[in-house]
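Participant: Return a 3D structure for these sequence lines:
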Amino acid sequence: MSWIILIASGVLEAVWATALGKSEGFTKLWPSIVFGGALALSMAGLAWAMREIPIGTAYAVWVGIGAALTVTWSMISGDTNVSWVKIVLLLGLIGCVIGLKLVDGGH
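Facilitator: Coordinates of the predicted model:
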């Protein structure tokens, strides 16, 4: 269950990071509200997952998921250019996140 919560928290990290950008310095109401809610839920989920998953592993997975999804969304939405180098690096990041789960399989 900790891993499911951690993955969901990583997804919420991407949500709050994207909403933060869309809030334009907290001048837009709805993105600012989404940011606050997603941030609170993401942090709460990360804290909950860290009760069973080592802090280094949990934090790296959380950041990795959030970063990969944020960059992917940025490319899909056209905010950032798509390149093969970015795609290869994202796949490597995802591979590292999966690797951390596999070596920490006992939790």
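Participant: For this protein, give me the ranges with low pLDDT.
Facilitator: For the chain, applying pLDDT under 70 flags the ranges 105-107.
Participant: residue ranges of the helices in the chain, please?
Facilitator: 2-22, 29-49, 55-76, 84-103 (DSSP state H).
Participant: buried sites along the third one?
Facilitator: What it means is helix 55-76. 57-58, 61-62, 64-72, 74-75 (16 or more other CB atoms under 10 Å). Just so you know, the C-beta spots here come from the backbone N, C-alpha and C atoms, and that holds for glycine as well.
Participant: go on, stretch 2-12?
Facilitator: Of all the residues in stretch 2-12, those buried under the rule 16+ other CB under 10 Å are W3, I5, L6, I7, A8, S9, G10, V11, L12.
Participant: and those as TSV, adding distance to R51?
Facilitator: Formatted as TSV, the buried residues of stretch 2-12 follow (distance: CB to CB, whole Å):
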residue	distance to R51
W3	12
I5	10
L6	11
I7	16
A8	15
S9	13
G10	17
V11	19
L12	18
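Participant: Now for these: which two are most distant?
Facilitator: W3 and L12 (14.9 Å; CB to CB).
Participant: excluding its backbone neighbours, what's nearest the most centrally placed residue in the chain?
Facilitator: Note on the chain: the residue nearest the mean C-alpha position is G66, at 1.5 Å, using CA atoms, centre = their mean. The spatially closest residue to G66, leaving aside those adjacent along the chain, is E13, at 3.0 Å (CB to CB, 6 or more residues apart in numbering).
Participant: Pull up the gap between that neighbour and W84, please.
Facilitator: Separation of E13 from W84 (CB to CB, to the nearest Å): 25 Å.
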